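Asker: predicted model follows, preceded by the sequence.
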2 protein chains.
Amino acid sequence: MPLTKAEITRLRDLREKKHREVSGLFVVEGPKVVGELLAAGADLAELYATEAWRGGAKTGPLPRIVTEAEMARISHYPTPSEVLAVGRLRRAALESGELARGLTLALDGIQDPGNVGTLLRLADWFGFARVLLSPDSADLFSQKVINASMGSFARVRAITTELAPALREAAAGGAPVLGCDLAGDSVHALAPAADAVVVIGSEGRGPSPAVRATVTRWITIPRVGGAESLNAAVAAGIVCAALRRA
Amino acid sequence: MPLTKAEITRLRDLREKKHREVSGLFVVEGPKVVGELLAAGADLAELYATEAWRGGAKTGPLPRIVTEAEMARISHYPTPSEVLAVGRLRRAALESGELARGLTLALDGIQDPGNVGTLLRLADWFGFARVLLSPDSADLFSQKVINASMGSFARVRAITTELAPALREAAAGGAPVLGCDLAGDSVHALAPAADAVVVIGSEGRGPSPAVRATVTRWITIPRVGGAESLNAAVAAGIVCAALRRA
């Protein structure tokens, strides 16, 4: 049965955050990312595939077979893939007191979705308990974020929330709030920690004033050469690795 | 005087590597990157700007003023900027024996231009003596690489070359060739070094067999969580930071 015009419009609309929020759904495309989400047990609601992909799904919903022309119409990309999945958008919420326990990566105004995905992936690698995203960071449920996370999207607990009150709560509970800046204690002097928050701001502006006010210790990555800054994910990786030094 | 059709074609053609190689020229666009290159003293041959940008250049060649319609035709982007610069493509060559001295970042098959730019930037931050790029890595003179390097393109000595013979020469001269992999000595046990090569392979495949054969010591970044790998630039940043530990 061909897709109706209403179905096509609904799927195409999910490229916009407002439609994702209203419908509670998001879209990912391509055998790699769909496979990663299926493998990680993500909550997929619908699956659309061309004959080329048929049989590729071992778990999850049965694919609805569509023609290549239909796939081209529902795809969010100029070059459609053979599979498109619709996932249920679940926005996690913070539990009372949880921020003082475990390692948290807090992203303040990181707007590049590739960077956000890379940061989710490194939080996953280093076994962080959660990632917090300020409301002006890239949307967690955009395809670019999910793709760049290489499956970590489905494994990392990620919460979009106002950072300043959350970081104050973490600090009040005893977790140091570590900010990265051009000045501060050397990351090489940072002792491993079981409970801490690592705050990463945008490369151009750094953390916002409200977030800066919550930082309890500034950390710097000593510079030898001429670059003005490091990529946000590179800086986060160096600080997170230091916290996990065995 | 309006741009001729031949001038427009010549500038547009520079989006392709083969035309850059033949003409010995490359293009960058946008006030930020053009400003970075001018500030870093890059060898710019030509400058095209709309009235909106006039007076923005304090150094370098005088801008040739073009209309917005002309800029739209010469731009490599769907959304043209107010300034487009043409730089002279200079491919650096290795000097005899230089690889055994100082720190080298060697990129093997890193095809994502954003990643290559980010890696140039971190090599700049950590004061590496040079970056080597395998011939199948992203072209150093593509706009995406230059943009992502945030000006480090003009400061870092970067050489595209066959890696295996170069790394063998480094090792023969006494510089350890460090490879990053899922198994190896912990990066936290890596002593700071003045002379070393850090080899970064593509995220999917790692270094090529010929390059792997030149590695004298394997280094790993201990994993705590579930991600299958780290972003290449994040992994490089962690190893480079360890080598620069004061």
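Answerer: Cool, the structure landed. Residues are numbered from 1 along each chain as shown, chains lettered A, B, ... in the order given.

Asker: so which elements touch the top strand by length along chain A?
Answerer: The single longest strand within chain A, with elements called by DSSP state E, is strand A:177-186. Under the contact criterion of 3 or more Cβ pairs under 8 Å, 6 or more residues apart in numbering or on different chains; DSSP states H and E, strand A:177-186 touches helix A:163-172, strand A:196-201, strand A:217-220, helix A:232-243. In this view, the C-beta of every residue, glycine as well, is placed from N, C-alpha and C.

Asker: wait, which of those is closest to residue B:49?
Answerer: Among the helices and strands packed on strand A:177-186, the nearest to residue B:49 by Cβ to Cβ is helix A:232-243 (30.8 Å).

Asker: and that closest one, is it in reach of chain B?
Answerer: Yes: using Cβ under 8 Å from any Cβ of the partner chain, helix A:232-243 reaches chain B at A:233-238, A:241.

Asker: ok, stretch A:212-228 next?
Answerer: Yes: using Cβ under 8 Å from any Cβ, stretch A:212-228 reaches chain B at A:221-228.

Asker: please list only the buried members of these.
Answerer: A:221, A:223, A:225, A:227 (16 or more other Cβ atoms under 10 Å in any protein chain shown).

Asker: doesn't residue B:122 make contact with the second one?
Answerer: So that's residue A:223. No: the criterion here is Cβ atoms under 8 Å, and residue A:223 misses it with residue B:122 at 10.4 Å.

Asker: now the strands for chain A?
Answerer: Counting by DSSP E, chain A has strands at residues A:25-29, A:44-49, A:64-65, A:83-88, A:103-108, A:130-133, A:158-160, A:177-186, A:196-201, A:217-220.

Asker: which parts of chain A sit against chain B?
Answerer: Residues of chain A that fall close to chain B, judged by Cβ under 8 Å from any Cβ: A:114, A:118, A:121-128, A:150-152, A:155, A:186-188, A:221-231, A:233-238, A:241, A:244-246.

Asker: any of those residues buried? List them.
Answerer: Neighbour counting by 16+ other Cβ under 10 Å classes A:114, A:118, A:121-128, A:150-152, A:155, A:187-188, A:221, A:223, A:225, A:227, A:229-231, A:233-238, A:241, A:244-245 among those as buried.

Asker: let me see the domain layout of chain A.
Answerer: A:5-88, A:98-243 (automatic domain parsing).

Asker: lowest-pLDDT helix or strand in chain A?
Answerer: helix A:31-39 (a mean of 88; mean pLDDT, DSSP states H and E).

Asker: can I get the CA coordinates of it in CSV?
Answerer: Provided in CSV are the C-alpha atoms of helix A:31-39 (Å, rounded to 0.1, in the frame of the first residue of the first chain):
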residue,chain,number,x,y,z
PRO,A,31,21.7,1.1,7.8
LYS,A,32,24.6,2.1,10.1
VAL,A,33,22.8,4.3,12.5
VAL,A,34,19.5,2.3,12.4
GLY,A,35,21.6,-0.8,13.1
GLU,A,36,23.3,0.9,16.0
LEU,A,37,20.0,2.0,17.5
LEU,A,38,18.5,-1.5,17.0
ALA,A,39,21.6,-3.0,18.6
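
Asker: which elements pack onto that helix?
Answerer: strand A:44-49, strand A:83-88, helix A:143-148.

Asker: I'd like those as TSV, with mean pLDDT appended.
Answerer: TSV is the format used below for these (pLDDT from 0 to 100):
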stretch	mean pLDDT
strand A:44-49	93
strand A:83-88	95
helix A:143-148	95
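
Asker: would you check that residue A:12 makes contact with residue A:72?
Answerer: No: using Cβ under 8 Å, residue A:12 is not in contact with residue A:72, being 11.0 Å away.
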